[in-house]
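Engineer: predicted coordinates and the sequence they were generated for:
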Amino acid sequence: MTAADSQFPIEKRMDVRADLALNVRHWPGDGVAFVLLHGLASNARTWDGVAHALTQAGHAVYAVDQRGHGLSDKPADGYDFATVTEDLSLLLDALQLDSPIVAGQSWGGNVVLAFGAHYPKRARGLGFVDGGFLDLQSRPENTWERVSVDLRPPNLVGAPAADLRQRLRTYHPDWTDAGVEATLNNFEILPDGTIRPRLTLERHMQILRALWEQRPGDLYGKVSALVVICPATSAPPVDRTQTHPGRCRRGCAGPCPRPLVRGDRPRHPRAEAGRAGGGDGGGIAAGYLAKKVSRGA
């Protein structure tokens, strides 16, 4: 495989259940395989930058559109962690992957945590990229009623795709064109030029409820694989005069989780994803895992 070949993935749909096919972006390679999971309401293309770096190092990479997202099938239910992690196990079977490294970003990191806890022998290493530790119940003041309002996505159905593309470029001037287009791929662009989220609101809220119910601290003791945890860098101080309640203070199209620490510097994983079309944090975690595994650590 040439360096030029590694830039262009093979896109394929894998039948994992009678009612579910998952879309996979595959970069061939002879080294340890990586399976990469995106975050809530995102898609597999968010990992393109990381996948390119890994294939340059000789690794095979599989970036997955999880159920309800991207170009994968979108069943009405099955968005709990038990079902989603079983989807992943079935996908590894379908791809005939033995002991890959599995990494996830944000909600995808929590999926990887649950996968490592309940399928302890399937992966040789796990990567949590600003996820795997998301515990929506960790703040005493939080209730499901509050979280379901604060983290409910905005209604962007019918918004012009051109407007969103320009907004992303304005708010995130350091993002590459590939990062902008990967984010736009969270939406279906309709014939009239407007957008519709690929993940419906109902399914988004099902995932959010599952995330609310999951307690990561209960799962850590069940994980036996090597784990790398890579939080995103803190965002710059925000200008609160230019914000609206419940919406991202950096200008994203949707609401962001509350800061992990109090103050004006919330962690913001989407910013990292846009810069590299896959996330600098994801590249760091993946590279570290690859080195540790290759040394037999």
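Structural biologist: That came through fine.
Engineer: next, A44: phi, psi?
Structural biologist: Phi and psi for A44, reported as degrees, to the nearest 10, are phi -60, psi -30.
Engineer: below-threshold pLDDT in the stretch 151-297 of the chain: ranges please.
Structural biologist: Within the stretch 151-297 of the chain, the stretches with pLDDT under 70 are 233-297.
Engineer: go with 90
Structural biologist: Scanning the stretch 151-297 of the chain for pLDDT under 90 picks out 178, 231-297.
Engineer: can you map out the strands along it?
Structural biologist: 187-189, 195-197, 226-230 (DSSP state E, counting those that start in this stretch).
Engineer: would you mind saying which of these lies nearest P216?
Structural biologist: strand 226-230 (10.8 Å; CB to CB). Backbone N, C-alpha and C define where each C-beta goes, glycine included.
Engineer: follow-up on the earlier one: which of the strands of the stretch 151-297 of the chain sits closest to A51?
Structural biologist: Taking CB to CB, strand 226-230 is the member of the strands of the stretch 151-297 of the chain nearest to A51, at 16.2 Å.
Engineer: would you mark the buried spots in the closest one?
Structural biologist: 226-228, 230 (16 or more other CB atoms under 10 Å).
Engineer: tabulate those residues in TSV, adding columns for distance to G49.
Structural biologist: Below are these laid out as TSV (distance: CB to CB, whole Å):
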residue	distance to G49
L226	23
V227	22
V228	18
C230	15
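Engineer: rewinding a little: got the strands of the stretch 151-297 of the chain as TSV, with distance to M14 columns?
Structural biologist: Below are these laid out as TSV (distance: least, CB to CB, whole Å):
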stretch	distance to M14
strand 187-189	21
strand 195-197	23
strand 226-230	26
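Engineer: can I get stretch 25-34 as CSV, trimmed to CA atoms?
Structural biologist: What follows is stretch 25-34 as a C-alpha-only set of coordinates in CSV (Å, rounded to 0.1, in the frame of the first residue of the first chain):
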residue,chain,number,x,y,z
ARG,A,25,-14.4,3.4,6.8
HIS,A,26,-11.4,1.1,6.4
TRP,A,27,-7.8,2.0,5.8
PRO,A,28,-5.8,-1.2,5.1
GLY,A,29,-2.6,-1.9,7.0
ASP,A,30,-0.5,-4.7,8.2
GLY,A,31,0.0,-3.5,11.8
VAL,A,32,-2.2,-3.7,14.9
ALA,A,33,-5.8,-2.8,13.9
PHE,A,34,-7.6,0.2,15.4
